[in-house]
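Asker: With the sequence up front, the predicted model follows.
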Amino acid sequence: MRTTTEIEMKRDIPSIGEVDLWWLYASDLNEAERARCWAWMTPEERIQQQRFLRPEDQRMYLATRGLVRSALSAYTDIQPKEWRFTTDTHGRPWISGPRLQPTWIFNVSHSRDLVVCAITSQGDLGVDVEGIDPRRDILGIAKRFFVPEEYTALLALSQRTQQEQLFSAFWTLKEAYMKARGMGFAIEPQWLHVSMQPTLSMSFDRKVSDHPHRWAFSLGQLHTGHSLALAVSWGSTAPIPPERIPANAPNAPDTEPTSIFAHPPDAESTLPPLRDLGYRLVAHSAAKGLQVRLLHGREAIHAQPSVHTTPAKTPVTPSP
Ligand SMILES: CC(C)(COP(=O)(O)OP(=O)(O)OC[C@H]1O[C@@H](n2cnc3c(N)ncnc32)[C@H](O)[C@@H]1OP(=O)(O)O)[C@@H](O)C(=O)NCCC(=O)NCCS
C-alpha cells in the first residue's frame, strides 16, 4: 500500500512549455537515502559505480542514478528500480523501458557535489551546470573555443569575478544546447554564438544545421556561484537543411516571459533539513515561453517505498 507522501508525489509530467528541474547535493544524502539509491541500481550500474576510485565520484554516480530513477517515478507508478536506460551514439542516455508513449526526455548534469536532472514529456532538452573555478584560464579557453565577440565581451570586463560569471554563462548555454542535441562536443562551441545584450540570444553557424527559433534558453545562477543553463525545444526534431538557414538569422522577438518558481515546502514532510539551491534567474531567451519548476531530489528519493534496502550491507563510501 502506498503512503500519503507517495500519493502526493505523483505529479503531472511537464508538458510543452514546461520543464521540471530536480536537484540535490550528493553529500547531503544520508546512509538510508544512499541505500535506497543503491537498491534501485542494476548490477551493471553497481559495477560501474565501484569502478570509480574516488569516494566523491562513487557518491556522485550513486546520487545521479538515484535522482534520475526517483524523479521519473514521481510522475508514475513505475518503481525507481524498474527504469531501464540506453545510450545513443554520443552517449546521451534515454529511457528504454518501461515503454512510454511518447517517451519522456531527461538530461543530467553534475558539477562537484551538485546533481541536476531536467525532465519534460517530449521534444529535446539539455541542461548544464558549472561551478566557478578561480584556477581556470578562462581567457585562454575563451580565445580557443568561443567566437571573437564572446572573447571581446569577456576582455571588456575589468573584474575577474565578472569574467568568471560571463564565461560560465556562455559555456553552460553552449553546452546545454550541445547536450539537448545529444551530440556533446561533436558540435563545436565556436559554432554557437551567445549574446547577452540586450537580452539573451543565440545564433548558430551553418554547420550546426539548426535554427535558434526552435529553442528556448534559460540561464540561472545558484548561491554557490554555479551557472545553470537549459536549452529546450518542443518543435520539430529534424535538423534544418543548411541551405534553408539564413546567415546570422536574428532570434525571434520576445513573446512569453520565462518564470522560475520554487517548489513549496511540504508541511507534512518528515525529511531531514533540505539545503537551499539559492536559484536566481539571470536571463532567458524569449523565443518560446518556458516554465521551469525547481524540485528537491531528496523528496523524490524519500517518496519511494523503502523495500529491498539494506543500509548495513551497502558498499557505498560514507560521506565525509
Ligand atoms: C555530453 C558532454 C558535453 C557532457 O560533458 P560534462 O560537462 O563533462 O558533463 P555534465 O555533467 O554536464 O553531463 C554529464 C551527463 O550528461 C549526459 N550525457 C552524456 N553524453 C551526452 C550527450 N551526448 N548528450 C546529452 N547528454 C549526455 C549523461 O547523463 C551524463 O551523466 P552520467 O555520465 O552521470 O550519466 C560530454 O561528455 C560529451 O561531449 N560527450 C560526447 C562524447 C561522444 O561523442 N562520445 C562518442 C562515443 S560514446
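Answerer: Perfect, thanks for sending it.

Asker: roughly how far apart are the residue nearest to residue 18 when sequence neighbours are not counted and the ligand?
Answerer: In space, and not counting its chain neighbours, residue 18 is closest to residue 291: 4.6 Å by Cβ to Cβ, 6 or more residues apart in numbering. From N, CA and C alone the C-beta is placed, and that goes for glycine too. Shown here: residue 291 relative to the ligand, a distance of 22 Å by Cβ to the nearest ligand atom, to the nearest Å.

Asker: For this structure, which segments are assigned as helices?
Answerer: Read by DSSP state H, the chain holds these helices, from start to end of the chain: 4-9, 31-40, 43-51, 55-73, 138-145, 148-155, 160-180, 297-303.

Asker: Could you check the angle the second one makes with helix 55-73?
Answerer: Read that as helix 31-40. Counting by axes from the mean of the first three to the mean of the last three Cα atoms, to 10 degrees, helix 31-40 lies at 70 degrees to helix 55-73.

Asker: Repeat that for the third one.
Answerer: Here the directions of helix 43-51 and helix 55-73 differ by 150 degrees (the same axes, to 10 degrees).

Asker: List of residues touching stretch 67-84?
Answerer: 9-13, 20, 22-24, 36-37, 39-40, 42, 66, 95-98, 104, 106, 108, 115, 117, 119, 295, 297, 300-301, 303-305, 308 (Cβ atoms under 8 Å, 6 or more residues apart in numbering).

Asker: With just CA atoms, put stretch 178-198 into PDB.
Answerer: Provided in PDB are the C-alpha atoms of stretch 178-198 (Å, rounded to 0.1, in the frame of the first residue of the first chain):
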ATOM      1  CA  MET A 178      25.100  20.600 -27.300                       C
ATOM      2  CA  LYS A 179      23.500  18.200 -24.900                       C
ATOM      3  CA  ALA A 180      20.000  18.900 -26.000                       C
ATOM      4  CA  ARG A 181      21.000  17.800 -29.500                       C
ATOM      5  CA  GLY A 182      22.600  14.700 -27.900                       C
ATOM      6  CA  MET A 183      25.900  15.400 -29.700                       C
ATOM      7  CA  GLY A 184      28.000  16.900 -26.900                       C
ATOM      8  CA  PHE A 185      31.300  18.300 -28.300                       C
ATOM      9  CA  ALA A 186      30.600  16.800 -31.700                       C
ATOM     10  CA  ILE A 187      29.100  20.300 -32.000                       C
ATOM     11  CA  GLU A 188      32.000  22.700 -31.600                       C
ATOM     12  CA  PRO A 189      31.400  25.500 -29.100                       C
ATOM     13  CA  GLN A 190      32.500  28.200 -31.600                       C
ATOM     14  CA  TRP A 191      29.700  27.200 -33.900                       C
ATOM     15  CA  LEU A 192      27.300  28.700 -31.300                       C
ATOM     16  CA  HIS A 193      27.200  32.400 -30.700                       C
ATOM     17  CA  VAL A 194      25.700  33.500 -27.400                       C
ATOM     18  CA  SER A 195      24.900  37.200 -26.800                       C
ATOM     19  CA  MET A 196      23.700  38.600 -23.500                       C
ATOM     20  CA  GLN A 197      23.000  42.100 -24.900                       C
ATOM     21  CA  PRO A 198      20.300  43.500 -25.000                       C
END
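
Asker: Can you narrow the contacts of stretch 67-84 down to the ones near the ligand?
Answerer: When contact is defined as Cβ under 6 Å from any ligand atom, the contacts of stretch 67-84 meet the ligand at residue 108.

Asker: The residue nearest to residue 18 reaches residue 20, doesn't it?
Answerer: No. Between residue 291 and residue 20 no contact is recorded; they are 9.5 Å apart, counting by Cβ atoms under 8 Å.

Asker: More neighbours: which of these two?
Answerer: Using other Cβ atoms under 10 Å, the more surrounded residue of residue 291 and residue 20 is residue 20, with 23 against 17.

Asker: contacting residues around the more buried one?
Answerer: Contact criterion Cβ under 8 Å, 6+ apart gives 14, 71, 118, 119, 120, 292, 293, 295 as the residues in contact with residue 20.

Asker: Identify the farthest-apart pair in these.
Answerer: Put simply, by Cβ to Cβ the two of the contacts of residue 20 set farthest apart are 71 and 292, 14.3 Å from each other.

Asker: tell me the pLDDT at the residue of the chain found nearest the ligand?
Answerer: Proximity to the ligand, evaluated over the chain using Cβ to the nearest ligand atom, is greatest for residue 184 at 2.2 Å. The predicted local distance difference test score for residue 184 is 94.
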